[in-house]
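Peer 1: fold the following, please.
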Amino acid sequence: MKKDEFKQDAYLNIAVNEEMADECMRRKAICQKLIKLINSDLGEEFLQDCEDFKDAMQKFELKYGFLI
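Peer 2: Residues are numbered from 1 along each chain as shown. Now for the predicted structure:
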């Protein structure tokens, strides 16, 4: 590999890592908002059709994910 190819790979890795970090921060925000929803008066109603946390997370993301 040439020096420029190494640099190109490094920049690509930086971009990929930043994208992954952004997705992690988004998921963290969704979890925090989901906790607030669960603790609110609407929590029981929201969790009615959810069997586990994964279901609740997916439901929340489908319903409110565009806001985050």
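
Peer 1: just give the number of residues close to Ala15.
Peer 2: Counted with other C-beta atoms under 10 Å, residues neighbouring Ala15 total 10. Where you see a C-beta, it was placed from the backbone N, CA and C, and this is true even at glycine.

Peer 1: does Cys50 sit in a helix, a strand or a coil?
Peer 2: Following DSSP: H, G, I helix; E, B strand; the rest coil, we place Cys50 in the coil state.

Peer 1: that one contacts Ala56, correct?
Peer 2: Yes - under the contact definition of C-beta atoms under 8 Å, Cys50 touches Ala56, with a separation of 4.3 Å.

Peer 1: who has more neighbours, those two?
Peer 2: Neighbours per residue, other C-beta under 10 Å: of Cys50 and Ala56, the larger number sits with Ala56, 19 against 14.

Peer 1: list the buried residues for the host helix or strand of that one?
Peer 2: Here Ala56 is covered by helix 53-64, with elements defined by DSSP states H and E. When neighbours are counted by 16 or more other C-beta atoms under 10 Å, the buried residues of helix 53-64 are found to be 56-57, 59-61.

Peer 1: same check, this time on stretch 24-35
Peer 2: 30, 33-34.

Peer 1: can you redo those as a markdown table with distance to Ser40, secondary structure and pLDDT?
Peer 2: Compiled in a markdown table, the buried residues of stretch 24-35 are given as follows (distance: C-beta to C-beta, whole Å; DSSP: H, G, I helix; E, B strand; the rest coil; pLDDT from 0 to 100):
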| residue | distance to Ser40 | secondary structure | pLDDT |
| --- | --- | --- | --- |
| Ile30 | 15 | helix | 91 |
| Lys33 | 10 | helix | 94 |
| Leu34 | 11 | helix | 94 |
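
Peer 1: tell me which helix or strand comes right after the strand or helix carrying Gln32.
Peer 2: Here Gln32, judged by DSSP H and E, is contained in helix 3-39. Taking DSSP H and E as the definition, the helix or strand that follows helix 3-39 towards the C-terminus is helix 43-47.
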